[in-house]
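Trainee: A predicted structure for the sequence below; I have some questions about it.
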Amino acid sequence: MKLGAYTFKPEKAQGFDFQVLRVKTETGTRLPPVQDMYSNVAIFADNVAVSNHPDWISQSPLGPAKMGNNNFNIYWDIVCATQPEHRAEQLNYIAEVDKHSPGVWLNSQYFADQGHCICPRCNMLWKKSGLSWLEWRRNEVTEYIAQIREKVKKELVLCIQPDPVSSYERYGVDFDDFAKYVDVFNVVMFSKNYATPWYSEMLARDFKKLLKKPFYISFYVFGPGDNPKDVPSPQELLTVSVRCARAGAAGFLYLTDNASQIRTFQKTAVEMVELREKLRTYGGQPVQEFLDFVESWRKIV
Ligand SMILES: [Zn+2]
């Protein structure tokens with residue numbers, strides 16, 4: 001068992017086996033590496049690169065990987081994973097920080113999310129490969145990791161998204177491919193902000209892949225004897241429902257002790273006009289259907 005400290009600032013915390021410094025974050029800002037702290041580098045998530053080269057941004061049928069595109073869980077701008085100049089510059093950068101630290105931890109070393117990237121170069125490379133779309137993406141990601149492995153002489157850690165079932169379809173990530181090159185994996189579970197929408201959506205997506213019949217998802221609104229502090233807020237319930245709707249759930253159940261509690265939830269949901277407008281931007285037909293359903297509660301609350 002090892003414990004590490006993971007920081008945005010080059011300051012060492014006491015009482016840990018190792019320290020990881022975010023030398024290049026998803027915002028694209030860079031810090032000099034520190035000799036006795038591992039260097040954490042976000043590769044394709046890079047606001048600075050996209051701001052300097054807007055045409056490098058990863059493209060999808062649901063729009064670019066731009067911060068604010070609510071169709072994806074994207075909190076920054078992401079460069080297309082086959083962009084050759086960015087790839088080359090990052091390879092050199094990674095080799096350089098490896099020289100000045102005990103090793104390299106990588107984030108965002110894969111495609112932005114499902115459906116990415118459909119830019120003209122990616123389309124051309126895919127067609128030339130003769131592979132299926134998903135296998136081509138996997139190949140692109142794995143080949144780049146192989147190139148990185150040649151540059152990193154010390155420890156290489158690959159950070160992966162907390163999705164054990166659909167990372168191949170979403171990011172082009174094959175865990176067994178990565179295992180050939182990596183010393184250790186790091187599963188980024190991170191902020192509670194991610195927890196409700198991100199993990200529920202991930203689970204819905206994974207069950208959609210595994211189950212051979214349609215499925216409902218049950219959410220807990222208020223159970224017998226519950227402390228109001230322990231249950232999800234109506235805002236969380238609506239957001240999670242929308243995220244699971246777009247991931248393929250066939251419907252939802254809302255559990256309460258009695259009918260008046262569920263009416264309170266419906267009434268609050270109807271009153272959250274601004275939130276529901278925002279959630280309209282979170283996806284296609286299933287999301288709109290769900291929100292129309294919530295809107296229809298206006299007649300009964
Ligand atoms: Zn592309």
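Mentor: Structure's in. What do you need?

Trainee: count of neighbours near the closest residue to the ion within the stretch 151-300 of the chain?
Mentor: Across the stretch 151-300 of the chain, no residue is closer to the ion than G172, which sits at 11.4 Å (C-beta to the ion). Yep, even glycine has a C-beta here, placed from its N, CA and C like the rest. A count of nearby residues for G172, using other C-beta atoms under 10 Å, gives 26.

Trainee: figure out the helix or strand that the spatially closest residue to it that is not a sequence neighbour lives in.
Mentor: Leaving aside its chain neighbours, G172 sits nearest to R137 (3.4 Å; criterion: C-beta to C-beta, 6 or more residues apart in numbering). Secondary structure from DSSP states H and E places R137 in helix 133-151.

Trainee: mind listing what's buried along that helix?
Mentor: Of the residues in helix 133-151, 133, 136-142, 144-145, 148, 151 count as buried by neighbour count, 16 or more other C-beta atoms under 10 Å.

Trainee: what do you get for stretch 78-97?
Mentor: Here stretch 78-97 shows 78-83, 86-87, 90-91, 93-94, 97 as buried, counting by 16+ other C-beta under 10 Å.

Trainee: now swap in stretch 21-38 and tell me
Mentor: For stretch 21-38, by 16+ other C-beta under 10 Å, it's 21-28, 33-34, 37-38.

Trainee: now the strands for the chain?
Mentor: Counting by DSSP state E, the chain has strands at residues 4-7, 18-24, 38-42, 103-107, 155-160, 184-187, 216-222, 251-256.

Trainee: include distance to W126 and mean pLDDT when you put these into a markdown table, please.
Mentor: A markdown table is the format used below for the strands of the chain (distance: least, C-beta to C-beta, whole Å; pLDDT from 0 to 100):
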| stretch | distance to W126 | mean pLDDT |
| --- | --- | --- |
| strand 4-7 | 35 | 94 |
| strand 18-24 | 28 | 97 |
| strand 38-42 | 25 | 98 |
| strand 103-107 | 24 | 97 |
| strand 155-160 | 23 | 96 |
| strand 184-187 | 27 | 95 |
| strand 216-222 | 34 | 92 |
| strand 251-256 | 35 | 94 |
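
Trainee: near the ion, which residues of the protein?
Mentor: 80, 117, 119, 122 (C-beta under 5 Å from the ion).

Trainee: let's go with 8 Å and repeat that
Mentor: 58-59, 80-83, 116-123 (C-beta under 8 Å from the ion).

Trainee: residue nearest the middle of this protein, spatially speaking?
Mentor: Against the mean C-alpha coordinate of the chain, by C-alpha atoms, centre = their mean, the closest residue is N73 at 5.3 Å.

Trainee: so where is this structure shaky, pLDDT-wise?
Mentor: Within the chain, the stretches with pLDDT under 70 are 191-197.

Trainee: and with 80 instead?
Mentor: When residues are selected by pLDDT under 80, those of the chain lie in 190-198.

Trainee: quick check, K12 in contact with Q19.
Mentor: Yes - the pair K12 and Q19 qualifies as a contact (C-beta atoms under 8 Å) at a distance of 5.2 Å.

Trainee: what about S296, distance to V221?
Mentor: 18 Å (C-beta to C-beta, to the nearest Å).

Trainee: and these two? which has more neighbours close in?
Mentor: Set S296 next to V221 and count neighbours by other C-beta under 10 Å: V221 wins out with 20 against 11.
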